[in-house]
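S.K.: generate a structure from the sequence data that follows.
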Amino acid sequence: MITQVIDKANTCYLKPYNACFTLAGMTKAPEMLKDRILERRTALGLSQQQLADKAGVSQVTIQHLESGRNATSKKLLEIARALGVTVEWLASGKEAPPAKGNVQPTDVLPESYRYPVISWVAAGSWAEAVEPFPPGYSDRYEMSDYDSKGTAFWLEVKGDSMTSPVGTSITEGMLILVDTEAEATSGKLVVAKLADSNEATFKKLVEDGGRRFLKPLNPAYPVEMCVEGCRIVGVVVRAMIKL
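M.R.: Presented below is the predicted three-dimensional model:
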């Protein structure tokens, strides 16, 4: 059985144990970035304008890349997604993209998505970086059925501030999936960055009288105000125990 996996910057077919493999019949990757973009765009039957629309860039950007006028682009990740290949392959040719029609699985599971597992320090500072998670940033990834609205990542829960004696409880060692573009409304579990900390913190967002508070699920811990300098990094959309 083969599972199709989508990686927000990486699309591949996976064998058991999440091992990506090159499909049979794949030819040698073109040597230049411009050639790889042209080859994939042509294989998908897209015009330069259609690819540009899918990637959220201008047609001139695609034209300059394919002509070799530009050697790279800040939007290379988006272009790779639009082409259905990894940004690593697009940039270096070291990974082969999936080919349509080479494999006809009899049983295909629902789409799954692969997200990096990062540190709490990285979560707290991700917005300050031009490219928060460049290729090769994390050597650990976990799967989810959740299709994120924006940049998303896993965090491993530390401490017991979100361990509750009743109701929802997120214990130490669990993994939480954070979507940085999901709407942060009162009652949602969020990851936030406080002004006086270099790490992110995991709490329940509560709004009262126009003010925001970060409330732990464990009543033994104090409630913190989300005042000036406090920033909501993202909303927790999944939680799981990794065996």
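S.K.: which strands and helices sit next to the helix of greatest length in the chain?
M.R.: The longest helix of the chain (DSSP state H) is helix 33-43. With contacts taken as 3 or more CB pairs under 8 Å, 6 or more residues apart in numbering; DSSP states H and E, helix 33-43 sits against helix 59-67, helix 76-83, helix 87-92. For every residue, glycine as well, the C-beta is placed using N, CA and C.
S.K.: residues in contact with the spatially most central residue of the chain?
M.R.: The centre of the chain sits closest to Ala152, judged by CA atoms, centre = their mean, with a distance of 4.0 Å. Contact partners of Ala152, counting by CB atoms under 8 Å, 6 or more residues apart in numbering, are 8, 115, 146, 177-180, 234, 237.
S.K.: look up how far Asp179 lies from it.
M.R.: The gap separating Ala152 from Asp179 is 5 Å, by CB to CB, to the nearest Å.
S.K.: and for Glu207?
M.R.: 19 Å.
S.K.: these two: who's more crowded?
M.R.: More crowded of Glu207 and Asp179, by other CB atoms under 10 Å: Asp179, with 23 against 13.
S.K.: count the neighbours of the residue lying closest to Met174 once chain neighbours are set aside for me.
M.R.: Leaving aside its sequence neighbours, Met174 sits nearest to Val157 (CB to CB, 6 or more residues apart in numbering; 4.8 Å). By the criterion of other CB under 10 Å, Val157 has 19 neighbours.
S.K.: Gln50: helix or strand, and which one exactly?
M.R.: Remark: Gln50 resides in helix 48-55, with elements defined by DSSP states H and E.
S.K.: hmm, Trp120 is touching Glu199, no?
M.R.: Yes - under the criterion of CB atoms under 8 Å, Trp120 makes contact with Glu199 at 4.4 Å.
S.K.: more neighbours: these two, which one.
M.R.: Legend: neighbour count by other CB under 10 Å for Trp120 and Glu199, higher for Trp120 (19 against 14).
S.K.: what about that one, distance to Lys158?
M.R.: The value you get for Trp120 to Lys158, if CB to CB is used, is 7 Å.
S.K.: tell me the contacts of the residue lying farthest from the centre of the chain?
M.R.: Each residue of the chain has a distance to the centre, and by CA atoms, centre = their mean the biggest one is for Gly209: 34.1 Å. By CB under 8 Å, 6+ apart, the contact list for Gly209 is empty.
S.K.: low-confidence regions, the protein specifically.
M.R.: 1-31, 95-111, 126-138, 243 (pLDDT under 70).
S.K.: what about dumping the CA coordinates of stretch 196-207 to CSV?
M.R.: Below are the C-alpha coordinates for stretch 196-207, written out as CSV (Å, rounded to 0.1, in the frame of the first residue of the first chain):
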residue,chain,number,x,y,z
ASP,A,196,10.5,38.9,28.1
SER,A,197,11.2,35.4,26.8
ASN,A,198,13.2,34.0,24.0
GLU,A,199,11.0,30.9,23.9
ALA,A,200,7.4,30.3,22.9
THR,A,201,4.8,29.3,25.4
PHE,A,202,1.8,27.0,25.1
LYS,A,203,-1.4,28.2,26.7
LYS,A,204,-5.2,28.7,26.2
LEU,A,205,-6.1,32.1,24.8
VAL,A,206,-8.8,33.8,26.8
GLU,A,207,-10.3,37.2,26.0
